[in-house]
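S.K.: got a sequence here, can you build the structure:
(3 chains)
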Amino acid sequence: MPGFRVLLRLHRPSAQAFNFFVASPAHLISGGIPKGLCTVTTNASDTKPSSGPENESLLESLTFMGVDVKMARQRQPGVLRKIITNEQGLSDFLHGKGASRKVVASIISRYPRAITRTSEHLEQRWALWRGVFQSDSKIISIVDRSPESFFRSSDNDNLEKNILFLGSLGLNAKDLHRMLTTAPRTFSNSVELNRQMVELLEDVCAELGGEDPRQFAKAIISRNLYILIRSTKRVRTNIDFLKASFKISDHELLETLQGNGAEILDLSNEYLRRNLKRLQEKLKSLSCQKVDVKNLIICYPTVLFIGPDTLNSKLDCLLKAGISMKQILEKPKVLEYSTENLTGRLQELSKLQYDFKKNGINILDMSRKRFDARLERMSLTSDK
DNA sequence: GAAACCGGGTTCTGCCATAATT
DNA sequence: AATTATGGCAGAACCCGGTTTC
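M.R.: Next up is the predicted model:
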């Protein structure tokens, strides 16, 4: 559970803080000065930050609601100038669905345009989401997580078509639910955009000599719920790149993509390129053959997800412990465990003088519980 | 009864640029 | 011309345990 999620948690808020501090002074210069200091020197008509005045009573009411007006202004300045808005209706609506005052304020701060939606619109949209989610609170948690996903589009028709389209792909209800939980932006894409991605995947299948494009697309989507919020350019480029970069047959590529390889399509083009290049270099320096690289990727595509530094440190710590490259290539799943985890296990095993040559390296590919149990048994037998 | 095989779970927003509206 | 709607991007693994096999 920690791992990746913790990384994201730690990463994101710091990035937000960074933007907040950097962007605010910029705003003070561009937005604050004309209002305060320029009244004497200029007529409002030719000042650069073209704009009417902000709606003071709106600002007041937002402030009263606890909205971070500074943040809102930085994100969508135009909204603050509007004469007609529905912040009270939005607030009441969200409260009615169980959102706290704080959550409502945070939502508006991060996606101010939300207050331009009418109450009828909100009711409609909510009803559509409820068609997929079991409870209001589930939706609230997603809207709180990503206000933009819910509010960015005002096109409820499109949303409805999207739900129908996604359902028509043959994904089961569970997949659909998971997709909309984890990648809610998929909802707000235009149906056309989603359709384009599905068509791209079907085309790729046909190009690679696949028999059943529909099921290929479905397989990739259900294995990679984020695929529909990637650009077709990214996915296309990655597939073409994989095809061109090593001697993988069409059939092998097809199987890899609809198997464990579905996720590597998410990688940015540059990242994939860099990771593959560094992987090839590293393996070459360890005197592996090209075919070893190919087999590694087919057998364990996720290896391309691992950044060069992480990958190198994992390989190095395994090799240093007396494990051969051949063993790693035969059991690449050991690379899935964090460097810390691996290092720790290697240490404990070396205390017991575990012989990898004799016993293999499967012991590293085990859940914590099983590993500990195994160690326990080993130390018991060695005591006797 | 342990080891190996195998697949599954978790996870993804907030910002920017541009097209489309009004 | 301003505002809204939409598309696209960067960021970068880890762990668990049911079932089968020996």
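
S.K.: hey, let's count contacts and neighbours off CA atoms from now on
M.R.: Will do.

S.K.: any stretches of chain A with poor pLDDT?
M.R.: Scanning chain A for pLDDT under 70 picks out A:1-51, A:382-384.

S.K.: just give me the residue closest to the centre of it.
M.R.: Nearest to the mean C-alpha position of chain A, counting by C-alpha atoms, centre = their mean, stands residue A:226 at 6.8 Å.

S.K.: contacting residues around that residue?
M.R.: Residues near residue A:226 by C-alpha atoms under 8 Å, 6 or more residues apart in numbering: A:179, A:182-183, A:266.

S.K.: so how far is residue A:107 from whatever residue of chain A ends up closest to DNA strand B?
M.R.: Closest approach between chain A and DNA strand B, counting by C-alpha to the nearest atom of the strand: residue A:146, at 3.9 Å. Taking C-alpha to C-alpha, to the nearest Å as the measure, residue A:146 and residue A:107 are separated by 8 Å.

S.K.: equivalent analysis for residue A:60, please.
M.R.: Residue A:60 sits 17 Å away from residue A:107, going by C-alpha to C-alpha.

S.K.: kindly report the same for residue A:324.
M.R.: Residue A:324 is 53 Å from residue A:107, by C-alpha to C-alpha.

S.K.: these two: which has the busier surroundings?
M.R.: residue A:107 (26 against 16; other C-alpha atoms under 10 Å).

S.K.: only the buried residues of the strand or helix carrying that one, if you could.
M.R.: Counting by DSSP states H and E, the element that carries residue A:107 is helix A:101-110. Neighbour counts over helix A:101-110 (16 or more other C-alpha atoms under 10 Å) mark A:101, A:103-110 as buried.

S.K.: in TSV, list those along with distance to residue A:340.
M.R.: Formatted as TSV, the buried residues of helix A:101-110 follow (distance: C-alpha to C-alpha, whole Å):
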residue	distance to residue A:340
A:101	42
A:103	37
A:104	40
A:105	40
A:106	37
A:107	38
A:108	41
A:109	39
A:110	37
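
S.K.: whichever residue of the stretch 151-300 of chain A sits closest to DNA strand C - how many residues pack around it?
M.R.: For the stretch 151-300 of chain A, the residue closest to DNA strand C is residue A:153, as judged by C-alpha to the nearest atom of the strand, at 3.4 Å. Other residues lying near residue A:153 total 17 when counted by other C-alpha under 10 Å.

S.K.: same check on the one 10 residues further on?
M.R.: Residues lying near residue A:163 (other C-alpha under 10 Å) number 19.

S.K.: what's the answer for residue A:344, then?
M.R.: 12.
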